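**Q** build me a model from this:
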Amino acid sequence: MSLVNLTKDRGKLVSAYSGGMKRRLSLAMALLHEPEILILDEPTVGIDPVLRKTIWDALKSMTENGMTIIVTTHVMDEAEKCQELAMMRDGRLIAKGTPAELQKSAGASNIEEAFIFYGKGGQDES
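**A** Below is the predicted model of the structure:
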């Protein structure tokens, strides 16, 4: 609860939580049993920037301690925080590699530009 900044709201009924609080609670519940593999769909969308950083730092620490975390997202700054990416468009793999590798091979200055490059038919890395 502390990771997702809900400690002071523990006694509240979930029905009284805002949408953002419910999103944070679902993340806390996913982490509760310390799974070996965790699959997250846009884990920090709608969360304030300070708490987003805290959560991403914690997720990175978890991977360093052996947890495998798979993140699905269309938010490119979230994707850029991942160790390895598999970019998909229209249900097919268009590129895979580290964010730095994908940016370099696409001649892009950021991961969003790389996605646009591959999404328009750039070199397939699969």
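
**Q** give me the packing partners of the worst-scoring helix or strand of the chain on mean pLDDT, helices and strands only.
**A** Using mean pLDDT, DSSP states H and E, the weakest-scoring helix or strand in the chain turns out to be helix 19-31, at a mean of 86. Applying 3 or more Cβ pairs under 8 Å, 6 or more residues apart in numbering; DSSP states H and E, one finds that helix 19-31 makes contact with strand 37-41, helix 49-64. C-beta coordinates here come from the backbone N, C-alpha and C atoms, glycine included.

**Q** one more time with 6 Å, if that's ok
**A** Judged by 3 or more Cβ pairs under 6 Å, 6 or more residues apart in numbering; DSSP states H and E, helix 19-31 is in contact with no other helix or strand.

**Q** may I have it as CSV, with CA atoms only?
**A** The C-alpha coordinates for helix 19-31 follow below in CSV (Å, rounded to 0.1, in the frame of the first residue of the first chain):
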residue,chain,number,x,y,z
GLY,A,19,-10.6,5.8,-10.3
GLY,A,20,-6.9,6.6,-9.9
MET,A,21,-6.9,5.0,-6.4
LYS,A,22,-8.6,1.9,-7.7
ARG,A,23,-5.9,1.7,-10.4
ARG,A,24,-3.2,2.0,-7.8
LEU,A,25,-4.9,-0.6,-5.6
SER,A,26,-5.0,-3.1,-8.5
LEU,A,27,-1.2,-2.7,-8.9
ALA,A,28,-0.7,-3.3,-5.1
MET,A,29,-2.9,-6.4,-5.3
ALA,A,30,-0.9,-7.7,-8.3
LEU,A,31,2.3,-7.3,-6.3
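
**Q** buried residues, that helix. List them.
**A** 21, 23-25, 27, 31 (16 or more other Cβ atoms under 10 Å).

**Q** and if you look at stretch 98-117?
**A** So, applying 16+ other Cβ under 10 Å, buried residues of stretch 98-117: 99, 102-103, 105-106, 108, 111, 114-115, 117.

**Q** about what we covered before: and the contacts of the least confident helix or strand of the chain?
**A** Residues from elsewhere that reach helix 19-31 (Cβ atoms under 6 Å, 6 or more residues apart in numbering): 1, 4, 6, 43, 46.
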